[in-house]
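>>> what's the 3D shape of this:
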Amino acid sequence: MKDYIGTKKVKAKPITRSEYLKYRGWDLPEGENPDDEVYLVEYEADPLSPPNHPDHEGYITMSPKHVFEKSYSPSGNYIDRLKIEFIDLDDKIVRLEDALYKGLAPATETDILDKQLLFMQSYREVLLERIATGS
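Here you go, the predicted model:
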């Protein structure tokens, strides 16, 4: 199997496992904790796939709290979206720095990668300033 990184917008709300199962009309499987914190997740409606619950336009599922919170961040306003962009950019900067400073980048590309790193670091500073000032 290959690794994939995905980006998608979902609707979600925290609930317990028992609340999710009750909502779906299912019984709690033996050995599962009814009080587990999970998220009810709704994916965007897909014209090729019908919804799997009458109260939703998209496909719904349950995600364990720690899995959901590792993968998703609130995006309700532009500051939330700036924070997401900052985190993503910061991760890319760390990986580029590793490639450059640990000798992982091809020697023929270090000059252009150094230039890229400077631009990325400048952009990160602009994002930080926008987040701090709320603009």
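>>> Going along the chain, name the helices of this structure.
Assigned by DSSP state H, the helices in the chain fall at 17-24, 65-71, 78-101, 110-133.
>>> residue with max distance from the center of the protein?
Largest separation from the mean C-alpha position in the chain: residue 108, at 33.7 Å (C-alpha atoms, centre = their mean).
>>> Distance of the residue nearest to residue 99 when sequence neighbours are not counted relative to residue 93?
Excluding the flanking residues, the one nearest residue 99 by C-beta to C-beta, 6 or more residues apart in numbering is residue 105, at 4.3 Å. Glycine gets a C-beta too; all of them are placed from N, C-alpha and C. From residue 105 across to residue 93, the span is 14 Å (C-beta to C-beta, to the nearest Å).
>>> One more: residue 102?
14 Å.
>>> neighbour count winner among the two?
Taking neighbours as other C-beta atoms under 10 Å, residue 102 and residue 93 compare with residue 93 leading, 16 against 8.
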